[in-house]
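Peer 1: Provided below for reference: sequence and predicted model.
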Amino acid sequence: MPRVPLLPEHPEDPAAAALFERVRAARGPDFHLPHLYRVLGTAPELFRGWLDFAWPLRLNAKTPRLLRELMILRGAQLSGTGYEWAHHLPMATEAGVSEAQIDALAHWRDSDLFDADARAVLQLAEEVTRGPSASAATVAQLRARGFDDAAVVELVLTASFYVCVSRFLQSMDVELEPGYEAHRARM
């Protein structure tokens with residue numbers, strides 16, 4: 001059970017209700033708010049900030065979505081955050097991450113399924129998730145792979161943000177919604 005009660009799908013608080021409607025406007029009127037959002041909605045101003053930060057990372061970034069989803073999945077594996085993994089697994093496959101890559105992710109260093117760009121971002125994900133930071137060598141490796149300064153910032157910020165997501169999910173003990181259990185089982 002989450003440590004903060006979930007708001008209902010249609011909360012009484014007008015600020016939370018407006019944000020939930022913003023999400024539905026973007027995702028469709030029948031979209032069910034994930035438990036994460038129903039916890040975040042208890043602090044509407046912070047939830048607004050979350051949406052304004054998280055959605056551009058997901059939707060407006062210039063780096064390949066496939067690489068960012070690989071980073072997010074690897075971070076979720078390392079932190080043991082099944083909720084994050086379960087929600088991003090479908091996004092990763094939609095972005096082009098193969099089933100074989102998902103199955104090999106925990107042992108990516110020993111796999112030939114990941115190209116040099118994927119290896120560089122997976123290294124980044126591991127360093128940022130384990131902390132305290134990405135190493136100079138990993139940032140240099142990203143640059144050597146052709147990622148410009150803006151792309152490096154985007155990748156480091158994405159890896160860092162999803163560490164925040166995992167810490168929040170675990171701290172608030174946010175439960176996975178029904179229907180995602182099979183995704184979590186693949187972690």
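Peer 2: Cool, got the structure.

Peer 1: can you list the domains in this structure?
Peer 2: 14-59, 65-185 (automatic domain parsing).

Peer 1: most tightly surrounded among those?
Peer 2: Mean neighbours per residue, mean count of other Cβ atoms under 10 Å, is largest over the domains of the chain for domain 65-185, with a mean of 17. C-beta: built from backbone N, CA, C; applies to glycine.

Peer 1: Spell out the secondary structure type for His10.
Peer 2: coil (DSSP: H, G, I helix; E, B strand; the rest coil).

Peer 1: before we move on, what about Val174?
Peer 2: Val174 ends up coil, using three-state DSSP.

Peer 1: now the one 5 residues further on
Peer 2: Reducing the assignment at Gly179 to three states with three-state DSSP gives coil.

Peer 1: ok, now how distant is Leu169 from Val163?
Peer 2: Here the criterion is Cβ to Cβ, to the nearest Å. By it, Leu169 lies 11 Å from Val163.

Peer 1: which residues do the two both contact?
Peer 2: Residues touching both Leu169 and Val163 (Cβ atoms under 8 Å, 6 or more residues apart in numbering): none.

Peer 1: Low-confidence ranges, this protein, go.
Peer 2: For the chain, not a single residue meets the criterion pLDDT under 70.

Peer 1: Please enumerate the helices of it.
Peer 2: For the chain, helices defined by DSSP state H occupy the ranges 14-27, 35-40, 44-59, 65-79, 82-94, 99-104, 116-130, 136-144, 149-172, 181-185.

Peer 1: Distance to Asp110 for those - can I get that in CSV?
Peer 2: CSV is the format used below for those (distance: least, Cβ to Cβ, whole Å):
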stretch, distance to Asp110
helix 14-27, 38
helix 35-40, 33
helix 44-59, 29
helix 65-79, 14
helix 82-94, 20
helix 99-104, 8
helix 116-130, 11
helix 136-144, 18
helix 149-172, 22
helix 181-185, 22
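
Peer 1: Cheers, nothing more for now.
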